[in-house]
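Peer 1: Please find the sequence and the predicted model below.
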Amino acid sequence: MNRTRIIISAAALLAGLLASIFVFRQMTRPVPQAPTVTGHIVVAAGPLPWGTRLEPANLRVLPWASETSVPGMFTRIEDCVNRVITASVIENEPILEGKLAPKDTLAGLPATIPEGMRALSVAVNEVVGVAGFVLPGSVVDVLVTGGPASGSGGNSLTRTILERVRVLAAGQRVAQDEKGTPQTVPVITLLVTPEEANRLTMASTEGRIQLALRNTIDTKQANPPVVYRATVFGAPPRPSAGPAAAPAPAPQRPAVDVEVYRGDKREVVTF
């Protein structure tokens with residue numbers, strides 16, 4: 001009985017000691033101090049589509065810790081006014097130099113065209129425009145169907161001439177639709193290189209183009225093979241040969257009667 005009481009007392013003393021140590025450490029732990037806010041950062045006051053020329057009403061400043069900084073950040077609204085953004089931003093997103101076009105750039109579509117690139121519009125309909133789901137910011141492949149091709153005997157073909165082309169505008173709309181609502185428009189504007197602009201113009205003039213919508217994160221180059229009309233529908237049947245013609249009869253020579261005498265006998269032989 002005494003041994004049991006000693007064990008219980010020792011366990012109680014140990015538990016109390018551990019609890020005291022825990023409380024002591026918690027009370028002596030240094031309290032983290034919040035960073036001193038001595039600066040500000042310029043952010044968007046609301047969602048802004050690309051191509052927007054910034055005005056004071058579009059912007060506001062938020063407190064920012066002076067110990068940290070973001071490359072290209074602004075601390076004063078006046079430094080951003082009259083600049084054009086080249087990418088859509090959401091509310092409270094920082095305005096960075098990398099998302100602004102050079103100073104004195106025109107607002108709208110021209111501000112979204114990188115140096116060395118071109119914006120080219122092509123006529124589309126509900127089918128070519130993938131039922132209206134080709135929207136600003138989408139990525140498409142461009143296919144062309146036409147012919148005859150050289151050496152194909154007049155056989156038309158379908159070929160993919162451009163891959164991973166970004167859509168700048170659908171109709172006159174350059175803003176992305178967050179809900180992805182389809183919109184049937186007569187014109188789609190694509191971002192292409194000068195060489196791609198030449199190929200696309202030739203394709204849309206001499207053939208029929210079709211847009212193929214792809215995932216925006218799909219960056220693989222597919223290089224699909226050319227498809228000829230005969231590959232899909234089969235080669236036209238060759239005209240079947242008729243039954244062999246009977247050989248022409250040999251010309252008949254006229255019969256000739258010849259008198260033949262054998263002694264005193266006379267015969268007439270026909271040849």
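Peer 2: Done, it's in.
Peer 1: Name the next helix or strand following the helix or strand hosting residue 189 along the chain.
Peer 2: Using DSSP states H and E, the element containing residue 189 is strand 187-192. Following strand 187-192 in sequence order, the next helix or strand is helix 194-206 (DSSP H and E).
Peer 1: coming back round to it: neighbouring strands - and their directions - for the strand holding residue 189?
Peer 2: strand 118-123 (antiparallel), strand 157-170 (antiparallel) (DSSP bridges).
Peer 1: which of the ones you listed sits most buried?
Peer 2: The highest mean neighbour count among the strands paired with strand 187-192, using mean count of other Cβ atoms under 10 Å, belongs to strand 157-170: a mean of 19. Using the backbone N, CA and C atoms, a C-beta is placed for each residue, glycine as well.
Peer 1: follow-up on the earlier one: in the strand holding residue 189, what's buried?
Peer 2: By 16 or more other Cβ atoms under 10 Å, the buried positions in strand 187-192 come out as 188-192.
Peer 1: what's the closest of those residues to residue 210?
Peer 2: residue 188 (11.7 Å; Cβ to Cβ).
Peer 1: I'd like to know how far that closest one sits from residue 165.
Peer 2: Using Cβ to Cβ, to the nearest Å, we find residue 188 at a distance of 10 Å from residue 165.
Peer 1: ok, now residue 46?
Peer 2: With Cβ to Cβ as the criterion, residue 46 and residue 165 are 30 Å apart.
Peer 1: what mean pLDDT does stretch 93-103 have?
Peer 2: Mean pLDDT, stretch 93-103: 87.
Peer 1: List the contacts of it.
Peer 2: 41-44, 54, 59, 70-74, 80, 82-87, 89, 111 (Cβ atoms under 8 Å, 6 or more residues apart in numbering).
Peer 1: what about burial for those, which qualify?
Peer 2: Buried among the contacts of stretch 93-103 (16+ other Cβ under 10 Å): 41-44, 54, 59, 73-74, 80, 83-87, 89, 111.
Peer 1: any chance you could map the helices in the stretch 151-271 of the chain?
Peer 2: 194-206, 229-233 (DSSP state H, counting those that start in this stretch).
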